[in-house]
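> After the sequence you'll find the predicted model.
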Amino acid sequence: MEGEKIPHKMLSLDPFSQWMGIEILESDIGKCKVALTVRPEMLNSMGKAHGGVSYSLADTAFGFAANTHGKYAVSIETSINHIEALEEGDYLTAEAVIDVTKTKVGFNIIEVKRGEEIVALFKGVVYRTTKDWE
């Protein structure tokens, strides 16, 4: 399967990302940009977007980008820095801006933005299996 099509295949098989309302804006080899709008049920007890929202959005961009190389790639370590609080109605994008691919591992940095403002930075490491996307 062509790498830029893999994220669309993955989203079609991903009920969680579908429930989140995640859409794919761009995809290419080693790259993926996804987006969502923060809904009322995504807020925490302080009326701000739960940290898991930006984390999940970034994790989806990460997974989709890592798999564009054609092999099943599974997450082995991730972390996020939350920089700004997020509100209901915020339109967020997450984009894989760094993709370093080795034989068995891959490293990605994902920027989460509200407009042009970076609101979170996510780092992820994947293990690349020998299984091909078909």
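Sure, I can see it. Residues are numbered from 1 along each chain as shown.
> tell me, which helix in the protein spans the most residues?
Identified as the longest helix of the chain according to DSSP state H is helix 51-67.
> list the buried ones in it?
Neighbour-count burial for helix 51-67 flags 53-67 (criterion: 16 or more other Cβ atoms under 10 Å). Glycine gets a C-beta too; all of them are placed from N, C-alpha and C.
> And stretch 20-27, by the same measure?
Residues of stretch 20-27 classed as buried: Met20, Ile22, Ile24, Ser27 (neighbour count, 16+ other Cβ under 10 Å).
> Let me see the mean pLDDT of that stretch.
For stretch 20-27, the per-residue pLDDT values average out at 98.
> same check, this time on stretch 118-134
On average, stretch 118-134 scores 96.
> same thing with stretch 34-54?
Averaging pLDDT along stretch 34-54 yields 98.
> Contacts for it, please.
Applying Cβ atoms under 8 Å, 6 or more residues apart in numbering, the external contacts of stretch 34-54 come out as 7, 20-25, 57, 60-61, 64, 80, 82, 85-95, 112, 119-120.
> pull the longest strand from the chain.
As assigned by DSSP state E, the longest strand anywhere in the chain is strand 117-132.
> Within its sheet, name the partner strands of that strand and how each one runs.
strand 71-82 (antiparallel), strand 105-114 (antiparallel) (DSSP bridges).
> Comparing those strands, which stretch has the densest surroundings?
Neighbour counts (mean count of other Cβ atoms under 10 Å) averaged over each of the strands paired with strand 117-132 peak at strand 105-114, with a mean of 21.
> For Val97, which non-adjacent residue is closest in space?
Leaving aside its sequence neighbours, Val97 sits nearest to Glu111 (Cβ to Cβ, 6 or more residues apart in numbering; 5.2 Å).
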